[in-house]
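Visitor: got a sequence here, can you model it:
(4 chains)
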There are 2 protein chains.
Amino acid sequence: MARLRRLVLERLMRYYRFLTESSAMKGAETVTSAQIAEALDIDPTQVRKDFGAIDLLGMGRVGFDVCEVCRSIRVVLAFDDHIEAVLIGAGHLGSALLAYKNFERYGMRITAAFDSDKRRIGQRVAGLTVQSTRGLKPYVKKQRIRLAILTTPMEVSQAVADRLISVGVEAIWNFSPTQLTVPDSVLVRNEHISLGLAELSYHLQR
Amino acid sequence: MARLRRLVLERLMRYYRFLTESSAMKGAETVTSAQIAEALDIDPTQVRKDFGAIDLLGMGRVGFDVCEVCRSIRVVLAFDDHIEAVLIGAGHLGSALLAYKNFERYGMRITAAFDSDKRRIGQRVAGLTVQSTRGLKPYVKKQRIRLAILTTPMEVSQAVADRLISVGVEAIWNFSPTQLTVPDSVLVRNEHISLGLAELSYHLQR
DNA sequence: TAGATTGTTAATCGATTAACAATC
DNA sequence: TAGATTGTTAATCGATTAACAATC
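Guide: Numbers count the residues shown, from 1 in each chain, chains lettered A, B, ... in the order given. Model (predicted):
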């Protein structure tokens, strides 16, 4: 199977969520590309192409088997791998992510939260005790953590990323509005929320 | 000026943030497309094309005037328009957004927060008192609110969106992981955070 | 069989990158 | 002037959509 591109992966996630969570799919055993496309506002051909890319075959006149599709997506997106992650920056956004227990459904669990602010260290957030960033490197190394979630102020993000990478972190989910510089082997996924503001503001302009 | 596409708008926002917030730009009066491209990891031609699209002219051998670029982007992205927004769903993510005061820098201000949960109504979050969603429609109508931020559980998002649109909301910043169905005249900007998980999980797979 | 749906190729569309003359 | 940088056209690349024979 060829390496899948980002947009394909995102669509696979959307298909999966639709098939597992939408009330429209309650009890259905099969689903057509047209149904999925309609619900997610994309082209039916796109759906079939994406399914083809992960070697999923449909049935003429019937569509796709819901369970088979879900199973295949789980495998491709590695939802059963149980990735452990650390979160750095236990501010408002960080706390919101810690509280978002749904991540476990996709195989990701945040096992520790760090902050450098004395007022936050020791506090309990969503069942975890916020630790001092002094303990970050030893923890990541000892637990062989591969994924880090960055909800730090932008001034410190690059420095924190460097430290994480030096002890083996392979992927960073970056919520701070900074462009991180990392080695090619490390994946950075940026969630720059404020970019949305540009589109909204432009559109609302008189 | 032709209608700008989403990716262009997002890049304009990144240019603006780089020019106004990066320490690399401290005190600089001019900037070259190569400098910006290097910092944001994009192609220099892209930067010049984007600037060209908003009628910004550079100077041969010197580059672009930083102030002029910033001013132009502010105008194009309407940062001085002072858009008022309501937020619906004062949970963890909603509270994080309410606390994120930086939005005002880009002309957006959240003036009211609503929730349907009795335990949240009346609580103060980031200087605002959470109101019952019963008051949502009257408030939006009276204050002529055009932008709504949706941080509701996915089951109720469509219903809330319908109500918002019925009283004049023109754009929705959707943080709930649902595909909303809206009239063509309404802009929906989706921030489906969990899509990132697909890419990260796929990449970390052994 | 008849008809709905798939799987796949070809056509279109849009975004990115390369090349280079024009400019200051 | 010489040289760095722009502005723009052309080439490339990738993603989306249309078309349609194959299938169940």
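
Visitor: mind listing the helices for chain A?
Guide: A:6-21, A:33-40, A:44-53, A:66-76, A:92-99, A:136-143, A:154-166, A:195-204 (DSSP state H).

Visitor: reformat those helices as JSON lines; add mean pLDDT and distance to chain B.
Guide: Heads up, the C-betas are built off the backbone N, CA and C, glycines and all. JSON lines is the format used below for those (pLDDT from 0 to 100; distance: least, CB to the nearest CB, whole Å):
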{"stretch": "helix A:6-21", "mean pLDDT": "97", "distance to chain B": "4"}
{"stretch": "helix A:33-40", "mean pLDDT": "97", "distance to chain B": "5"}
{"stretch": "helix A:44-53", "mean pLDDT": "97", "distance to chain B": "12"}
{"stretch": "helix A:66-76", "mean pLDDT": "97", "distance to chain B": "7"}
{"stretch": "helix A:92-99", "mean pLDDT": "96", "distance to chain B": "4"}
{"stretch": "helix A:136-143", "mean pLDDT": "98", "distance to chain B": "14"}
{"stretch": "helix A:154-166", "mean pLDDT": "97", "distance to chain B": "7"}
{"stretch": "helix A:195-204", "mean pLDDT": "97", "distance to chain B": "4"}
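
Visitor: which residues touch A:F175?
Guide: Listed by CB atoms under 8 Å, 6 or more residues apart in numbering or on different chains, the contact partners of A:F175 are A:93, A:97, A:149-151, A:191, A:193.

Visitor: nope, A:R144 is what I was after
Guide: So A:R144 contacts A:G168 (CB under 8 Å, 6+ apart).

Visitor: what pLDDT does it get?
Guide: Here, the pLDDT recorded for A:R144 equals 98.

Visitor: pick out the lowest-pLDDT one from the contacts of A:F175.
Guide: A:I193 (93).

Visitor: and stretch A:28-36, does that touch DNA strand D?
Guide: No - using CB under 7 Å from any atom of the strand, stretch A:28-36 stays clear of DNA strand D, coming no nearer than 10.0 Å.

Visitor: who in chain A is up against DNA strand C?
Guide: Counting by CB under 7 Å from any atom of the strand, chain A sits next to DNA strand C at A:32-34, A:44-45, A:48-49, A:51-52, A:56-64.

Visitor: which residue packs closest to A:A28, ignoring adjacent ones?
Guide: Distance criterion CB to CB, 6 or more residues apart in numbering or on different chains; nearest residue to A:A28, sequence neighbours excluded, is A:V66 at 5.9 Å.

Visitor: ok, the one you found - contacts?
Guide: A:19, A:25, A:28-31.

Visitor: just the buried residues from these, in PyMOL please.
Guide: If you want just the buried ones from the contacts of A:V66 in PyMOL, going by 16 or more other CB atoms under 10 Å in any protein chain shown, the selection is:
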select buried, chain A and resi 19+25+31
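
Visitor: okay, now A:S201: neighbour count?
Guide: 23 (other CB atoms under 10 Å in any protein chain shown).

Visitor: how close does it sit to B:V75?
Guide: 11 Å (CB to CB, to the nearest Å).

Visitor: quick revisit: strands - which of the contacts of A:V66 land there?
Guide: A:30-31 (DSSP state E).

Visitor: of all the contacts of A:V66, which comes closest to DNA strand D?
Guide: A:T30 (11.4 Å; CB to the nearest atom of the strand).

Visitor: check chain A for the residue nearest DNA strand D and tell me.
Guide: Closest point on chain A to DNA strand D, by CB to the nearest atom of the strand, is A:G60, at 2.6 Å.

Visitor: show me what contacts that residue?
Guide: Contacts of A:G60 (CB under 8 Å, 6+ apart): none.

Visitor: same check, this time on A:L164
Guide: So A:L164 contacts A:88, A:136, A:140, A:148, A:172 (CB under 8 Å, 6+ apart).

Visitor: my read: the last one touches A:P183, true?
Guide: Just to be clear, that refers to A:I172. No - assessed by CB atoms under 8 Å, A:I172 is found out of contact with A:P183, at 11.4 Å.

Visitor: report the separation between the residue of chain A closest to DNA strand D and B:L12.
Guide: 47 Å.

Visitor: run the chain-centre distance for the strand ranked longest in chain A.
Guide: Longest strand in chain A, counting residues (DSSP E): strand A:108-115. From the chain centre to the centre of strand A:108-115 is a distance of 14 Å (CA atoms, centre = their mean, to the nearest Å).

Visitor: also stretch A:52-63?
Guide: For stretch A:52-63, the distance to the chain centre is 26 Å (CA atoms, centre = their mean).

Visitor: and what of stretch A:119-134?
Guide: 23 Å.

Visitor: endpoints of that stretch, how far apart?
Guide: Terminal residues of stretch A:119-134 lie 15 Å apart, using CA to CA, to the nearest Å.

Visitor: surely A:D55 meets A:E68?
Guide: No - counting by CB under 8 Å, A:D55 does not reach A:E68; the two are 10.9 Å apart.

Visitor: out of these two, which sits in the more crowded spot?
Guide: Neighbour count, other CB under 10 Å: between A:D55 and A:E68, A:E68 has more, with 14 against 9.

Visitor: state the distance from the residue lying closest to A:E21 once chain neighbours are set aside to B:A161.
Guide: Nearest residue to A:E21, sequence neighbours excluded (CB to CB, 6+ apart): B:M154, at 7.4 Å. According to CB to CB, B:M154 and B:A161 sit 11 Å apart.

Visitor: next one: A:E21
Guide: 17 Å.

Visitor: the two: which has the busier surroundings?
Guide: Using other CB under 10 Å, the more surrounded residue of A:E21 and B:A161 is B:A161, with 24 against 15.

Visitor: tell me how many other residues surround the closest residue to A:F64 other than its chain neighbours.
Guide: Closest residue in space to A:F64, ignoring its immediate chain neighbours: A:G58 at 4.5 Å, by CB to CB, 6+ apart. Residues contacting A:G58 under the criterion other CB under 10 Å number 19.

Visitor: would you mind measuring from A:G58 to A:L4?
Guide: With CB to CB as the criterion, A:G58 and A:L4 are 19 Å apart.
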